[in-house]
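Enquirer: Provided below for reference: sequence and predicted model.
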Amino acid sequence: ASDAMTVVWFTETNTAGTLTVNLPGGGTQQYNSNPELKSELAYHANEAGTSRSNAAWMHRIRVTSLQAGTSYNYTVTQGLETFYGQLRTSPDQSSSVRFVVYGDSETEPESTGSTVLWTQPGNPSSTRRYVVDQTVGYSENLKVIESRNPDFIGIAGDIVESGGEQRDWDEFWRHNAGDINDVGSSIPILAAPGNHENYGGPGVFGGYTDTGSIRAQGKFKTYWEAPSNGTSAYDDRYYRIDYGSITYISLDV
């Protein structure tokens, strides 16, 4: 909002953290978090292990009484670790807005090191091996996006490969708030669910069955929040945000 921003982070343990927001005129606002266990982020029993532990404790703080169109440096202190970022409130209606929208990141850890066959430009009957794997391709695109310094980023669905596999979400956040890039620490991400966010995963993960889809949807709704649309069962899946001079509408089709 023009006067507020929500900061969310996740930890492996039920340990409170501290958010400190530096005010432009001097001084700080400081908040202590109250971790909430999100069982939706659990790993499926059949998921292959990754190097990450399950970070299922959510810390959510709404920072208020801010000025429109203003940048604020902040830190999150969690145990012995400190993380740095910057939040920027939405501007008034007379200001310009820059945003980037993309789709189909479809992250999954098993794509690292694996390139795919791609249709030869101008010759649909011919294919070639794509020049980079998904990890390199996505990380390079995020560098370009970050360099444009957008006010926010929109994702038009198919965020992860299998919405019901936690490791696919881990891979997405490794790019957006982890060791590859931390663009999400300073630029809000407004996401729409695609069919992959309703897909539990292949085989035993449940596909598009009720069980698989409900597990996938639970992860999406946990990671993103948006203004209420008046239907609690579908909150965060479609919404409207007025951002400066534009109205941004995200649909779940």
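Expert: Alright, I've got the coordinates.
Enquirer: count the neighbours of Ser162 for me.
Expert: The number of residues packed near Ser162 is 26, by other Cβ atoms under 10 Å. No exception for glycine: its C-beta is placed from N, CA and C like everyone else's.
Enquirer: doesn't it lie inside a helix?
Expert: No. Applying DSSP: H, G, I helix; E, B strand; the rest coil, one finds Ser162 to be coil, outside a helix.
Enquirer: mind checking how far it is from Thr112?
Expert: 16 Å (Cβ to Cβ, to the nearest Å).
Enquirer: what are the boundaries of the helices in the protein?
Expert: Remark: helices assigned in the chain by DSSP state H are 134-147, 166-176, 210-223.
Enquirer: check which residues of the last one are buried.
Expert: Pointing back at helix 210-223 there. Gly212, Ser213, Arg215, Ala216, Gln217, Gly218, Lys219, Phe220, Lys221, Thr222, Tyr223 (16 or more other Cβ atoms under 10 Å).
Enquirer: tell me what the lowest-mean-pLDDT helix or strand in the chain is packed against?
Expert: Sorting the helices and strands of the chain by mean pLDDT, DSSP states H and E puts strand 117-120 at the bottom, at a mean of 87. Contacts defined by 3 or more Cβ pairs under 8 Å, 6 or more residues apart in numbering; DSSP states H and E place strand 117-120 against strand 123-129.
Enquirer: how far is the strand it packs on from where the chain is centred?
Expert: Using Cα atoms, centre = their mean, to the nearest Å, the mean C-alpha position of strand 123-129 is found 33 Å from that of the whole chain.
Enquirer: again, but for stretch 106-114
Expert: Here stretch 106-114 is found 17 Å from its chain centre; the criterion is Cα atoms, centre = their mean.
Enquirer: let's see it as PDB, backbone CA atoms only.
Expert: What follows is stretch 106-114, C-alpha atoms only, in PDB (Å, rounded to 0.1, in the frame of the first residue of the first chain):
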ATOM      1  CA  GLU A 106       8.300 -23.700 -13.600                       C
ATOM      2  CA  THR A 107      11.200 -24.300 -11.300                       C
ATOM      3  CA  GLU A 108      12.300 -27.800 -10.200                       C
ATOM      4  CA  PRO A 109      15.800 -28.800  -8.800                       C
ATOM      5  CA  GLU A 110      16.200 -31.800 -11.200                       C
ATOM      6  CA  SER A 111      16.300 -29.400 -14.200                       C
ATOM      7  CA  THR A 112      19.800 -28.200 -13.100                       C
ATOM      8  CA  GLY A 113      22.300 -29.500 -15.600                       C
ATOM      9  CA  SER A 114      19.700 -30.700 -18.000                       C
END
